[in-house]
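Engineer: Next input, structure requested:
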Amino acid sequence: MTVLVFGSINLDLIFALPHLPSAGETVLGTGLRTEPGGKGANQAVAAARDGARVALAGAVGRDAFAAPALALLREAGVDLSRVATLDGATGCAAIGVDRDGRNQIMVAPGVNLAVSAAQVEDAALGPDTVLVVQRETDAGEIAQLLLRAAARGARAIVNLAPFGGIALDVLATAALIVVNAAEAEALAAALGCGAEPAALAGRLGTRVLRTLGEHGAELGDGAGTHRQPAFPVRAVDTTAAGDAFVGVLAASLDRGLGFAAAMRRAAAAAALACTRAGTQASLPGAAETDALLAAS
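Structural biologist: Numbering: from 1, shown residues only. You can find the predicted model right below:
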């Protein structure tokens, strides 16, 4: 069994701020860190730290950001044989985090937009693979990969973040679509239905999971709605919470857990990620998640 992530690789520049800036405002920060990031890389690290066998297809540039962007992926044991080195800039994100853990994120995709579905061979898309994609790479390449995955029997998880770019009939081939509240509203507008997961699932004919931050998550499918409360923690930085959730959800489904159990484990990992600063550095290991689940 394998979790195969097709997605972005960034180096994050993380600014500690007294408050998030409004339009036109300059805010003097209190600190700066650099850390590997990118939704694809984050989700791959989250799944690997939770014990899954993980491979990543993506790209970095021929620049000084490439090596540090890959450092924690290597440390986590992620298979990087499908990561291309291309002419151009490694993806970069500027992340402002305020004293309450809220964030604002700006991303320069760089060579992430040149990642190709051809980097994933057909043999990697069989029934033993959980494919995870997001929307920080080219939408056309994502669509090609999803159609190939559906034809070969891989279970695909689409984290529709940011929203858009993928035809609704292609989305419907996925085993699961994960959206946050804003993305659910945008998807509902495109489908002409309510933003509740059950309504979205009914229109698409596949499962839809909506994450709600401190209010937990809910899954809609043909059988109704399953709700998973959030684990109460004191948030320090919420930047990687969504990626922790998706990566651990994928790892849990890959090892054979049902959706309810996988959601509970993913919610625990996301809560732990909120309790420490950073992106990939904040992603918990399996033992930490086990401990929180055992105590709850």
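
Engineer: tell me the mean pLDDT over the helix or strand where Ala55 lies?
Structural biologist: Assessed by DSSP states H and E, Ala55 sits inside strand 54-61. In this model, strand 54-61 carries a mean pLDDT of 98.

Engineer: which helices and strands does that strand pack with?
Structural biologist: strand 2-6, helix 39-49, helix 66-76, strand 79-86 (3 or more Cβ pairs under 8 Å, 6 or more residues apart in numbering; DSSP states H and E). Where you see a C-beta, it was placed from the backbone N, CA and C, and this is true even at glycine.

Engineer: Of these, flag the one that's most buried.
Structural biologist: Neighbour counts (mean count of other Cβ atoms under 10 Å) averaged over each of the helices and strands packed on strand 54-61 peak at helix 39-49, with a mean of 31.

Engineer: list the helices and strands that one packs on?
Structural biologist: Using 3+ Cβ pairs under 8 Å, 6+ apart: helix 39-49 touches strand 2-6, strand 54-61, helix 66-76, strand 129-133, helix 241-254.

Engineer: sorry, back to before: the strand holding Ala55 pairs with which strands?
Structural biologist: strand 2-6 (parallel), strand 79-86 (parallel) (DSSP bridges).

Engineer: any idea where the strands of the stretch 101-250 of the chain begin and end?
Structural biologist: 103-108, 129-133, 155-159, 176-180, 207-211, 217-221, 224-228 (DSSP state E, counting those that start in this stretch).

Engineer: If I average pLDDT within each of the ones you listed, which one is lowest?
Structural biologist: strand 103-108 (a mean of 89).

Engineer: Mind checking the helices and strands packed on strand 54-61 for the one nearest to Ala190?
Structural biologist: Ala190 lies closest to helix 39-49 among these, at 20.9 Å (Cβ to Cβ).

Engineer: want to try JSON lines for the helices and strands packed on strand 54-61, with mean pLDDT and distance to Gln144 as columns?
Structural biologist: Converted to JSON lines, the helices and strands packed on strand 54-61 look like this (pLDDT from 0 to 100; distance: least, Cβ to Cβ, whole Å):
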{"stretch": "strand 2-6", "mean pLDDT": "97", "distance to Gln144": "10"}
{"stretch": "helix 39-49", "mean pLDDT": "98", "distance to Gln144": "16"}
{"stretch": "helix 66-76", "mean pLDDT": "98", "distance to Gln144": "24"}
{"stretch": "strand 79-86", "mean pLDDT": "98", "distance to Gln144": "15"}
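
Engineer: Let's have the ones you listed in TSV, adding distance to Ala150.
Structural biologist: TSV is the format used below for those (distance: least, Cβ to Cβ, whole Å):
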stretch	distance to Ala150
strand 2-6	14
helix 39-49	20
helix 66-76	27
strand 79-86	19
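
Engineer: quick one, which of these is nearest to Pro284?
Structural biologist: Minimum separation from Pro284 across the helices and strands packed on strand 54-61 (Cβ to Cβ) falls at helix 39-49, 6.6 Å.

Engineer: Report the central residue of this protein.
Structural biologist: Geometric centre of the chain, nearest residue: Asp243, 3.7 Å, by Cα atoms, centre = their mean.

Engineer: so how far is Ala273 from the nearest residue to that one once chain neighbours are set aside?
Structural biologist: Sequence neighbours aside, Asn42 is the residue nearest to Asp243 in space, at 3.6 Å (criterion: Cβ to Cβ, 6 or more residues apart in numbering). In this structure, Asn42 and Ala273 are 9 Å apart, going by Cβ to Cβ, to the nearest Å.

Engineer: what touches both of those two?
Structural biologist: Each of 240, 243-244, 283 lies in contact with both Asn42 and Ala273 under the rule Cβ atoms under 8 Å, 6 or more residues apart in numbering.

Engineer: State the pair within those that is farthest apart.
Structural biologist: Using Cβ to Cβ, these span at most 7.5 Å, a distance reached by Asp243 and Leu283.

Engineer: joint contacts of the two?
Structural biologist: Taking Cβ under 8 Å, 6+ apart as the contact rule, Asp243 and Leu283 both touch 42, 46, 273.

Engineer: if I pick the second one, what's in contact with it?
Structural biologist: Put plainly, it is Ala46. 240, 243-244, 246-248, 251, 269, 273, 283.

Engineer: Let me know how buried the residue nearest to it when sequence neighbours are not counted is, in neighbour terms.
Structural biologist: Among residues not flanking Ala46 along the chain, Gly247 sits closest, at 2.7 Å (Cβ to Cβ, 6+ apart). Gly247 has 35 neighbours, counted by other Cβ atoms under 10 Å.
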